[in-house]
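Chemist: Coordinates only, no sequence provided:
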Ligand SMILES: Cc1cc2nc3c(=O)[nH]c(=O)nc-3n(C[C@H](O)[C@H](O)[C@H](O)COP(=O)(O)O)c2cc1C
């Protein structure tokens, strides 16, 4: 009888320790990621490799992230590039980057302090994010201290280019992770790649 009691007690102890470990692990990972936000810029219209698109490549990735990770969104919006053909846009973007311009964007995010994890994404333009994203970076340079910042890009060959380094430089107090990139022409059929990446981060 006492042998049976010992076996039951041992089985219960094993079960409890496994489930407690499971809960602890989940709670821990939730605690680390907390509430998530995706900040992104994306240009709809005439673009390289995908033609004239109604929804920008990066916006599609941002939407996947929101759906999978339950993240809120803040889209950096400017109408400066509306309706531009690809070649003039390339030239304008190069000029902006050369001069370090900080074009204004519309609207503003009210409370960044509520977020623990901030995804930052955009297209690669001339080797880094578009200048309008740097306007956001400058405005919020002190607002991401202690937060986890996860950069991502869409691109046509440059990968992450200089984006992770530039985010690190813009937010010195943040914990900037290694980043994710995907070809712009792949995003429409690439939800599984985004899912895999987020799963690897524990989302
Ligand atoms: C002005 C401009 C500059 C670009 N520069 C690069 C670049 O340096 N490297 C690269 O791989 N792709 C470059 N591209 C391609 C974009 O990064 C790519 O098409 C991206 O997916 C566009 O995302 P979006 O639709 O969200 O704006 C550039 C595109 C534009 C319009």
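Modeler: That came through, no problem. Because the structure is predicted, anything quoted here is derived from the model rather than measured.
Chemist: Only C-alpha atoms from now on, for both contacts and neighbour counts.
Modeler: Fine.
Chemist: Within range of the ligand, give me the residues from the protein.
Modeler: Selection of the chain residues close to the ligand by C-alpha under 6 Å from any ligand atom yields 42-44, 47-48, 56-59, 89-90, 93, 122-127, 154-158, 184.
Chemist: residues in contact with the nearest residue to residue 76 once chain neighbours are set aside?
Modeler: Nearest residue to residue 76 in three dimensions, chain neighbours excluded: residue 41, at 5.0 Å (C-alpha to C-alpha, 6 or more residues apart in numbering). The contact partners of residue 41, taken as C-alpha atoms under 8 Å, 6 or more residues apart in numbering, are 58, 59, 75, 76, 77, 121, 122, 123, 133.
Chemist: Roughly how far does residue 41 sit from residue 96?
Modeler: 16 Å (C-alpha to C-alpha, to the nearest Å).
Chemist: Show me what residue 175 is bridged to.
Modeler: residue 148 (DSSP bridges).
Chemist: how much space between it and the ligand?
Modeler: 24 Å (C-alpha to the nearest ligand atom, to the nearest Å).
Chemist: cool, residue 171 as well?
Modeler: Computed as C-alpha to the nearest ligand atom, the residue 171 to the ligand distance reads 22 Å.
Chemist: Over to residue 102?
Modeler: Taken as C-alpha to the nearest ligand atom, the span from residue 102 to the ligand is 15 Å.
Chemist: burial measure for that residue, as a count.
Modeler: 17 (other C-alpha atoms under 10 Å).
Chemist: quick one: contacts for it?
Modeler: Per C-alpha under 8 Å, 6+ apart, neighbours of residue 102: 96, 131, 132, 134, 135.
Chemist: And what about the most centrally placed residue in the chain, helix, strand or coil?
Modeler: Nearest to the geometric centre of the chain sits residue 119, at 2.8 Å (C-alpha atoms, centre = their mean). Recorded secondary structure, residue 119: strand (DSSP: H, G, I helix; E, B strand; the rest coil).
Chemist: Can you name the residues that contact residue 146?
Modeler: 173, 174, 175.
Chemist: Can you list phi and psi of it for me?
Modeler: Main-chain torsions, residue 146, degrees, to the nearest 10: phi 80, psi 0.
Chemist: contacting residues around the nearest residue to residue 84 once chain neighbours are set aside?
Modeler: Nearest non-adjacent residue to residue 84, counting by C-alpha to C-alpha, 6+ apart: residue 46, 7.0 Å away. Residue 46 sits next to 52, 53, 83, 84, 85, 86 when contact means C-alpha under 8 Å, 6+ apart.
Chemist: Nice, that's everything, thank you.
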